[in-house]
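Trainee: With the sequence up front, the predicted model follows.
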Amino acid sequence: MAIQPVIIPVKSYDSNANFISNRSIPAAQTIYFDSCFRYTVFMKEFIDTLLKEHTLSRENFIRLIDARTPELSAYLFEKADAVRKKHFGNSVYIRGLIEFTNYCVNDCYYCGIRRSNREASRYRLSKEAVLSCCEEGYALGFRTFVLQGGEDRRYSDETLSDLIASIKSRFPDCAVTLSVGERSYDSYQSLFEAGADRYLLRHETADEAHYKKLHPASLSLENRKQCLWNLKEIGYQTGCGFMVGSPCQRTESIAEDLLFIHELQPEMVGIGPFIPHHDTPFKDFPKGSVELTLYLIGILRLMLPKCLIPATTALGTLDPEGREKGILAGANVCMPNLSPISVRKKYLLYDNKICTGDESAEHLKSLSKRMAKIGFQIIKSRGDHPDKI
Ligand code: SAM
């Protein structure tokens, strides 16, 4: 004999918790429906808490990440958009990225320019070449230049200081951001005194065990974090960040990242999906998720309302509309490439990196159009953190 389902009358609600109707549904479904509904309302409360208090407990960060649904993401992005609009309106800041060396002493397992990659064709840009990238960028309206490179010991403090000072004297209304990895306190201090304004150093993961899975024993999370604290203390506008979906990353690791970011209170946070590079030990690992990256951008915007958050190249590499989606999720910075086209393919951190062949001027034009299409405007100013102006 077939077992008759128990039918229970329920009130149903739409996603905004508005009453729709009374109807009868089987008991088991009622429990499912009710628990999903309650869970979504519960998670929305976490988002509201994040908006007010800018952080959550470790457990609640994990719940908020694991419970995400399209409905919850939409709610988060709506809040993140309002926060970003409050502090930045519809402005998107641009930074001219100059990848000036792909030599690196480190051997991070995920990175295409790691020391052990014998297939990488190595290059260094001369001071004149870097200055001519700045020249071109300045004419296009860039007022921040990001000098990024592997950890290349050829660039002593003196050499880098000379480069920074030359850029600052030729382009006094521009900011210089450095992204050249781990150095000593004194080194950071002397580069700051030479005129560097900002420093990007992704912490990569704040989970000790996870850090060891991504890096050889010569690198430590402790030192990475100490570098970030040093940069903050010296006075740099400081940026940390991590890859989303890097091998062995768990939601718990991401919760650690968010807690560390809350503790550090950086002026910038860069996150992008992990993308495998064919000549690294991680070549067979799956790429990170665009959807999770966007969700985390939304969370970061609520955690750090005035933060400078880029819609990264990695996001644009995995999704043709990745940068637009990043901006709509709460980001407010784009970093077009100003490196000479002849070296762009050599700075291959991961496979299929975009924009390796675009002229800077053309790229900026198309980026402006793309941003305008989603209601945003590219701003040609230094774009400092609002508390550092
Ligand atoms: N050497 C500097 C440093 O360590 O900060 C800057 C250059 S490093 C190559 C820039 C960033 O690229 C890293 O912090 C890392 O997060 C990111 N990256 C490297 N390999 C990647 C990959 N396979 N997928 C996505 N991002 C990657």
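Mentor: Cool, the structure landed.
Trainee: and the gap between Gly270 and Thr312?
Mentor: Noted for Gly270: a distance of 6 Å to Thr312, by CB to CB, to the nearest Å. C-beta coordinates here come from the backbone N, C-alpha and C atoms, glycine included.
Trainee: before we move on, what about Ala217?
Mentor: Using CB to CB, one obtains 28 Å as the distance from Ala217 to Thr312.
Trainee: Provide the secondary structure category for the residue lying closest to Tyr109 once chain neighbours are set aside.
Mentor: Closest residue to Tyr109 in three dimensions, ignoring its sequence neighbours and counting by CB to CB, 6 or more residues apart in numbering: Pro281, at 4.6 Å. In three-state terms, and counting by DSSP: H, G, I helix; E, B strand; the rest coil, Pro281 is coil.
Trainee: And Ala217 and Thr312? Which one has more around it.
Mentor: Neighbour comparison, Ala217 and Thr312: the larger count goes to Thr312, with 25 against 6 (by other CB atoms under 10 Å).
Trainee: Got the confidence number for that one?
Mentor: At Thr312 the predicted local confidence, pLDDT, stands at 96.
Trainee: My read is that it contacts Val269, right?
Mentor: No: proximity of Thr312 to Val269 does not meet the contact threshold set by CB atoms under 8 Å, at 10.6 Å.
Trainee: count of neighbours near Trp250?
Mentor: For residue 250 the amino acid is Arg, not Trp. Other residues close to Arg250 by other CB under 10 Å number 12.
Trainee: Please name the residues that touch it.
Mentor: Arg250 makes contact with Asp207, His210, according to CB atoms under 8 Å, 6 or more residues apart in numbering.
Trainee: so does the helix or strand hosting Tyr295 get close to the ligand?
Mentor: Secondary-structure element containing Tyr295, defined by DSSP states H and E: helix 290-303. No: no part of helix 290-303 sits near the ligand under the criterion CB under 6 Å from any ligand atom; the closest distance found is 10.5 Å.
Trainee: What is that helix packed up against?
Mentor: Helix 290-303 sits against helix 27-53, helix 58-66, helix 70-88, strand 237-244, helix 251-264, strand 268-273, helix 313-318, helix 322-329, with contacts defined as 3 or more CB pairs under 8 Å, 6 or more residues apart in numbering; DSSP states H and E.
Trainee: starting at the chain centroid, how far to that helix?
Mentor: For helix 290-303, the distance between its averaged C-alpha position and the chain's averaged C-alpha position is 9 Å (CA atoms, centre = their mean, to the nearest Å).
Trainee: likewise stretch 350-364?
Mentor: For stretch 350-364, the distance between its averaged C-alpha position and the chain's averaged C-alpha position is 18 Å (CA atoms, centre = their mean).
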